[in-house]
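In: no letters, just coordinates:
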């Protein structure tokens, strides 16, 4: 799967996962990376991404992971944190 197609899946996944009681969320396009065959797609609140003001950052936004071989999309878990902390090419 191409990275552009995987990113589109992540955008749709985020939109489908958005709750009514959450602020508007968006993909952090500047920080999208590939690691171990996964597209790592961080996201956060729209106000935070616009200004990068730490007070507006949501702290519980686990990145969206897209398996580039299978096209599976899901949120990352605590056990996988190493994937986005030190991504490899």
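Out: Okay, I see it. Note that the structure is a prediction, hence the values are computed from the model and not measured.

In: what's the mean pLDDT across stretch 25-45?
Out: For stretch 25-45, mean pLDDT is 95.

In: what are the contacting residues of it?
Out: Applying C-beta atoms under 8 Å, 6 or more residues apart in numbering, the contact partners of stretch 25-45 are 3, 6-7, 10-11, 14, 18, 23-24, 46, 49, 56-58, 61, 63-69, 76, 83-84, 87-89. Where C-beta positions appear, they are placed from N, C-alpha and C, glycine not excepted.

In: please compute how far that stretch lies from its chain's middle.
Out: 4 Å (C-alpha atoms, centre = their mean, to the nearest Å).

In: what about it, how long is it end to end?
Out: Terminal residues of stretch 25-45 are spaced 4 Å apart (C-alpha to C-alpha, to the nearest Å).

In: ok so, going back, of the contacts of stretch 25-45, just the buried ones, PyMOL syntax please.
Out: The following PyMOL line selects those of the contacts of stretch 25-45 that are buried, judged by 16 or more other C-beta atoms under 10 Å:
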select buried, resi 6+7+10+11+14+49+61+63+64+65+66+67+68+76+83+84
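
In: which ones among the contacts of stretch 25-45 map onto strands?
Out: 64-67 (DSSP state E).

In: now pLDDT and distance to residue 33 too, for those, in TSV please.
Out: Shown next, in TSV, are these (pLDDT from 0 to 100; distance: C-beta to C-beta, whole Å):
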residue	pLDDT	distance to residue 33
64	98	12
65	98	11
66	98	11
67	97	14
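
In: taking the residues you listed, tell me the two that lie furthest apart.
Out: Comparing every pair within the ones in strands among the contacts of stretch 25-45 by C-beta to C-beta identifies 64 and 67 as the most remote, at 11.1 Å.

In: can you give me the helices in the chain?
Out: With helices called from DSSP state H, the chain shows them at 3-17, 46-51, 81-85.

In: my read is that residue 74 contacts residue 64, right?
Out: Yes. Look at residue 74 against residue 64 with C-beta atoms under 8 Å: they come within range, at 7.4 Å.

In: overlap in contacts of the two?
Out: Counting by C-beta under 8 Å, 6+ apart, the common neighbours of residue 74 and residue 64 are residue 13.

In: no further questions, thank you.
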